[in-house]
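Q: Let's see this in three dimensions:
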Amino acid sequence: MSKVNVQNVNYQNLGWQSAADLYLPPEFDDTKQYPAIVSTHPIGSCKEQTSGNIYAKALAEAGYVTLAFDASFQGESGGSPRFVEDPSIRTSDIRFAIDYLVTLPYVDPERIGAIGVCGGGGYTIHAAITDHRIKALTSITGVNFGRLIREGFSEFDPVSALLAMGKQRTAEAQGAERHVIDYLPPSVEEGRANGITDRDVLEATDYYKTARGQQPNGATSGLFSFNSAAMGWDAFLNAESLLTQPLLVVIGDKPGAFGAYRDGWEIYGRAASKDKQILVAEGYSHYDLYDQPEPVALAMAEILPFFERHL
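A: Sure, this is the predicted structure:
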C-alpha cells in the first residue's frame, strides 16, 4: 500500500520565495484532478509541526493534495528581516499558497479548502473573508492574534506596548541590533519557577521546547518592533457579511490565556456562513489539539466529512 508522498517545493511570494511541503495522497495519479487544502501553521511554528505532520498529513491520507507552508520571514521561507509576524502578510501568504496550487494540473481550482491551527486558524478565517477561492475552511483552536496582542501579549496596555515597539523600531532603523523575543520560557520547569501558571503557556512550552513537537524552524520567536502591525488587526473583520463559505470551528473546552475558546465561539456566532458548525472537544485543551491522538481523532472525525461535503 502506498503512503503519502511529501515534496519540498518553493514558489514566488511578493519579493521572495515561499517554502512549503506538498503532501500527495496514496496512489497519487497526476493525470487526475484532486481537491486541495492549504494548511497554515501557528504563530512561532513551522510547516514541520502540527499544520504539516498532523493535519496536512491526515488530510492527504484521506485523498486531498495538501500544502503546508512556512510563513514569510520564518522557517525556510524568504524575507527579511527575520521573525516578522505581520497578520496582513500572513494572510497574503495563504493567497500565494493558493496561487501555487492552481498552477498544478492535478489540482481542481474549484475545490480548494483551507485549515489553520492557533494563529493560523485566525489567518485562515481572515483569508477566506476576502479570498473566495477558498470554498470551505476549518479553524483548529484558532486565535485572533490582533485581539491577543492587544490584550494578554501587551498586558492589557496596548498603547504602552506600541510606544515601546516604536522606540525599538527607531533604534533598529538607526543601527541597533534587532530585538527578537521568544514567546515562551526555555522549559516548563523554568516557566513554573518564574510564576507562570497559565495552561496555554505551559503546554505550549511542553510542545515547542521538548521532543514532543520541537523542530529546528519552530522558533517561537517574533521581532518585537514589528509586532505593532498586529495591534490594529482583527481576524474577524467583516465576517458578518463576507465570510459566507462553509465553516467548521474546532476548540477544546479547557480554556487558557491565548483565548481560542472565546475566539472560537465569537467567529462561530459572527460568520455569515449558512453552513457552519462548531466542535467542542470536551476535556481537551488548546495544545491537546496540536498532536494528541484522541482529540486529533475527534477533530478529524468532523473535518473529513466536512471537507467531503464541500470540496
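Q: For residue 281, see how far away the closest residue to residue 219 other than its chain neighbours is.
A: Counting by Cβ to Cβ, 6 or more residues apart in numbering, residue 44 is the residue found nearest to residue 219 once chain neighbours are left out, at 6.3 Å. C-beta: built from backbone N, CA, C; applies to glycine. For residue 44, the distance to residue 281 (Cβ to Cβ, to the nearest Å) stands at 22 Å.
Q: for the stretch 201-311 of the chain, what spans make up the helices?
A: With DSSP state H, counting those that start in this stretch as the criterion, the stretch 201-311 of the chain has helices at 239-242, 260-270, 288-291, 293-310.
Q: helices and strands around the first one, which ones?
A: For helix 239-242, the contact count by 3 or more Cβ pairs under 8 Å, 6 or more residues apart in numbering; DSSP states H and E identifies helix 119-130, helix 260-270 as packing neighbours.
Q: ok, now how distant is the most centrally placed residue in the chain from residue 7?
A: In the chain, the centroid-proximal residue (Cα atoms, centre = their mean) is residue 120; its distance is 1.6 Å. Using Cβ to Cβ, we find residue 120 at a distance of 21 Å from residue 7.
Q: Run through the stretch 151-300 of the chain and note the low-pLDDT ranges.
A: Within the stretch 151-300 of the chain, no range satisfies pLDDT under 70.
Q: in the stretch 51-200 of the chain, which spans are strands?
A: Listed in chain order, the strands of the stretch 51-200 of the chain (DSSP state E, counting those that start in this stretch) span 65-69, 107-117, 134-140, 180-182.
Q: tell me the contacts of residue 27?
A: Counting by Cβ atoms under 8 Å, 6 or more residues apart in numbering, residue 27 touches residue 2.
Q: Could you measure from it over to residue 80?
A: Taken as Cβ to Cβ, the span from residue 27 to residue 80 is 41 Å.
Q: ditto for residue 171
A: Distance of residue 171 to residue 80, computed by Cβ to Cβ: 18 Å.
Q: Compare these two (neighbour count), which wins?
A: Neighbours per residue, other Cβ atoms under 10 Å: of residue 171 and residue 80, the larger number sits with residue 171, 14 against 9.
Q: Need the pLDDT of residue 2.
A: What the model reports as pLDDT for residue 2 is 70.
Q: which SSE is it in?
A: According to DSSP states H and E, residue 2 maps onto no helix or strand at all.
Q: Would you mind writing the CA trace of stretch 52-72 as PDB?
A: Taking C-alpha atoms only, stretch 52-72 is exported to PDB below (Å, rounded to 0.1, in the frame of the first residue of the first chain):
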ATOM      1  CA  GLY A  52       2.100  19.700   8.400                       C
ATOM      2  CA  ASN A  53       2.900  16.500  10.300                       C
ATOM      3  CA  ILE A  54      -0.600  16.200  11.800                       C
ATOM      4  CA  TYR A  55      -3.300  17.900   9.800                       C
ATOM      5  CA  ALA A  56      -1.800  18.100   6.300                       C
ATOM      6  CA  LYS A  57      -0.700  14.500   6.600                       C
ATOM      7  CA  ALA A  58      -4.000  13.200   7.800                       C
ATOM      8  CA  LEU A  59      -5.900  15.100   5.000                       C
ATOM      9  CA  ALA A  60      -3.500  13.800   2.400                       C
ATOM     10  CA  GLU A  61      -4.100  10.300   3.700                       C
ATOM     11  CA  ALA A  62      -7.800  10.900   3.100                       C
ATOM     12  CA  GLY A  63      -7.200  11.800  -0.600                       C
ATOM     13  CA  TYR A  64      -6.500  15.600  -0.600                       C
ATOM     14  CA  VAL A  65      -3.500  17.300  -2.000                       C
ATOM     15  CA  THR A  66      -2.400  19.500   0.900                       C
ATOM     16  CA  LEU A  67       0.100  22.300   1.200                       C
ATOM     17  CA  ALA A  68       1.800  23.200   4.500                       C
ATOM     18  CA  PHE A  69       4.000  26.200   4.100                       C
ATOM     19  CA  ASP A  70       6.400  28.300   6.200                       C
ATOM     20  CA  ALA A  71       5.200  31.900   6.800                       C
ATOM     21  CA  SER A  72       7.200  34.700   5.100                       C
END
